[in-house]
Structure formats: C-alpha cells, structure tokens
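>>> Show me the folded form of this:
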Amino acid sequence: MRILITGAAGFVGAYAIRQFAEKGYAVHAAVLPQEQLAVDLQALCTVHHFDLLDADAVCALLQTVQPDRILHLAAQSSVAVSWKKPQLTADLNIKGTVNLLEAARKLLHMPRILLIGSAEEYGRLPENADGLQLVNETMPLRPVNIYAATKAAAEQIAAVYYAAYDLPVICVRAFNHFGPGQREIFVVPDFCRQAAEIECGLREPVIRTGNLDAKRDFTDVRDIVRAYVLLLESGRAGEIYNVGSGKAAAISDILSQILSSCTVAIRHEIDPEKLRPAETSYLAADTGKLRCDTGWMPEIPTAQTISDTLAYWRQELKERSKV
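Model prediction:
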C-alpha cells in the first residue's frame, strides 16, 4: 500500500511518516525543493521534491507515485501568519488543494485522500449556542480569520470533487494539537521555548503571551496522527470528521502547567503583538462520529505532552549552544 504525504517536512509530517511506516505502508514524502527530512525519516520513506502551486509538477508526482492513499498536510497552517500573508495562505490552502484534487482524479485508480482542515473553520459560535460544550460536524461554519476561511473553502471544493467525480475524499477538522518539534509560532511551543530560554538565562524571567482566556481542545500530535491513519483505513468517503480530545482547556491553564514544571520563578505579561484581530473564545470537539467509525480515542494526557514539549526545547537549546 503506497501513501503519499504532502507537507511531509512539517511538524505533523514527521510523526505521520513514522506511524505509516510502522503500519507497513510504502511511504512517499513530498517536500518543497529547499526542504530536507531528518536522516532517520529518510530511511523510512522515498522523498520527492515538488511545488504544490505548480499544477504540472503535482500531476507528474502523482503519476510517478501512483498512491493508494494521500495524506494532504501541505498548507500555510498558522492563523497569525495568515493575517500577515493572506495571499500566500489563500494560494497554498485553496489553489494547492485544487491542484492536488485535479491530479488525483486523473489517475487510473483514484486514491483515498485525507484532507486536513481545522477547527478554526467553526469560528465564532452562534449567539444561541450558550452553554454548548462540544461542537459537532453539523455546526454551521463562521470563520473569523483568513486561515480558517481558506480551510473552509478547500473543504467545500473537496465536496464538489467527491460529488462530481466520486473522488474518495475524507475531510478532517483538526482541533489544536501539539508536541515535541512544533514551531514556536504556535502557542504551547512558544511558551515552552520561552520557559526553556529563561531557565538557561537567555532572557528575563517573563513569558510574553497573547490572550490567555481562550479555551481550546488540545491533543497530542501522536494521537492526532493515529486518528489520521484510522480514517484513511476506515473513514467514510465524502464525510467530515472532527479530530480532538473532546475537552477544552484555557490557555491560562496550559501556561500554569508549564510554569509549574520550570526550575525558576517566571511571571507572564500580555504582548499586544501576540493578540489577534479576531478570535473564537471557546472550541471543543464532539468526536462521536470519529469514535463510531474508527474506534479512536486519545491516549496521551495533556500533562505528558507538555512535559515532552518542554523537554524538547530544553534539549534543543542545549544543542544550539554547542554550535
């Protein structure tokens, strides 16, 4: 069974390569021309360099690999970056998805595709949703940022390809996930990096934060990828699945857990540069459909993921200091 993973050089891609290789897949990893995979990952897959915005290159790649499965991770995945680079975000998340779907439908044997979207698509919950604890896949989408809008558009385009061409696309709305190796443009690794730098004496003992009142559904990236594996194996084509823990935690609580694990006293301050122009205050996933169709449940507790992420940044700073 051949699987093509786009965006394989990214945070989630590394975990996906490992898990699919462990399951016995022949893994093909698509990365940008300037990107390189770690040596241990190269041993687990065949690496292909391509540009998602080059439609001909995407077609050529799929004709070469002839994948049975595609995990489409390639995207501009930061909300913060989407405000600063809206054109790039729209190009990668919408045009790039169209290029992939067009190339896939032209194959003799169309592959099953898992298109990764985001819980950000739900946006601001309706005013009559007071007391709503979990968001299911039937909730109307009300995106409040550019990243979310592009992901919602890509999902709608995928639905057209499923209806028009019977292309077996499965869509995911992934809730917040984190773990070792994630870039510091995301909230938890940002906090962990700052904490590790403070412990090393590289900055004053102050962590600068954005909005701490927002509540988000956090899941370990290793659990998220396990859900992706199961969905590609037994998810229903044409369906949309939430992937998340089913519980919301305040960003302030996550920060408190990080600070309690630090070896020095640290305080925090709001940094206006980290505040977003618009933000959803609460999001947690109803994962009933995912559990019913795949049997998936999260296994790694948030406290363990925080500990692993903080340990990663401590080691990363130690390695950088040797250079």
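>>> from here on, contacts and neighbour counts on C-alpha atoms
OK.
>>> Going along the chain, name the helices of the chain.
11-22, 39-42, 55-65, 79-84, 86-90, 96-105, 146-165, 187-199, 221-234, 251-260, 288-294, 302-322 (DSSP state H).
>>> give me the number of residues near residue 292?
If you count neighbours by other C-alpha atoms under 10 Å, residue 292 ends up with 10.
>>> okay, and for the stretch 101-250 of the chain, where does confidence drop off?
For the stretch 101-250 of the chain, applying pLDDT under 70 flags the ranges 126-133.
>>> end-to-end on stretch 210-229?
The first and final residues of stretch 210-229 sit 33 Å from each other (C-alpha to C-alpha, to the nearest Å).
>>> Give the buried residues for it.
For stretch 210-229, the buried set under the neighbour-count rule, 16 or more other C-alpha atoms under 10 Å, comprises 210-211, 214-229.
>>> Kindly report the same for stretch 252-265.
254-255, 258-259.
>>> Could you export those residues as JSON lines, including distance to residue 199 and pLDDT?
As requested, those are exported to JSON lines (distance: C-alpha to C-alpha, whole Å; pLDDT from 0 to 100):
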{"residue": "254", "distance to residue 199": "18", "pLDDT": "95"}
{"residue": "255", "distance to residue 199": "15", "pLDDT": "95"}
{"residue": "258", "distance to residue 199": "12", "pLDDT": "95"}
{"residue": "259", "distance to residue 199": "11", "pLDDT": "94"}
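>>> From those residues, pick the one nearest residue 272.
Each of the buried residues of stretch 252-265 was scored against residue 272 by C-alpha to C-alpha, and residue 255 proved nearest at 17.4 Å.
>>> how about the nearest residue to residue 244 once chain neighbours are set aside, what does it touch?
Spatially, and ignoring its direct neighbours in sequence, residue 244 is nearest to residue 175 (5.1 Å; C-alpha to C-alpha, 6 or more residues apart in numbering). By C-alpha atoms under 8 Å, 6 or more residues apart in numbering, residue 175 lies in contact with 118-120, 216-219, 242-244, 284-285.
>>> try 7 Å
118-119, 217-218, 243-244 (C-alpha atoms under 7 Å, 6 or more residues apart in numbering).
>>> So which of these is the closest to residue 23?
Looking across the contacts of residue 175 and measuring by C-alpha to C-alpha, the closest to residue 23 is residue 243, at 20.2 Å.
>>> Residue 117 contacts residue 176, correct?
No. Applying C-alpha atoms under 7 Å as the test, residue 117 and residue 176 come out as separate, 11.3 Å apart.
>>> Quick check: closest non-adjacent residue to residue 63.
residue 107 is the one closest to residue 63 (C-alpha to C-alpha, 6+ apart), at 6.9 Å.
>>> burial of the one you found, as a residue count?
Residue 107: 14 neighbours (other C-alpha under 10 Å).
>>> Backbone torsions only: list them for it.
phi -70, psi 150 (degrees, to the nearest 10).
>>> I'd like the numbering to begin with 17 instead of 1 from here.
With the count now opening at 17, the last piece we talked about shows up as residue 123.
>>> how close does it sit to residue 135?
Taking C-alpha to C-alpha, one finds residue 123 at 31 Å from residue 135.
>>> And for residue 246?
In terms of C-alpha to C-alpha, residue 246 sits 19 Å off from residue 135.
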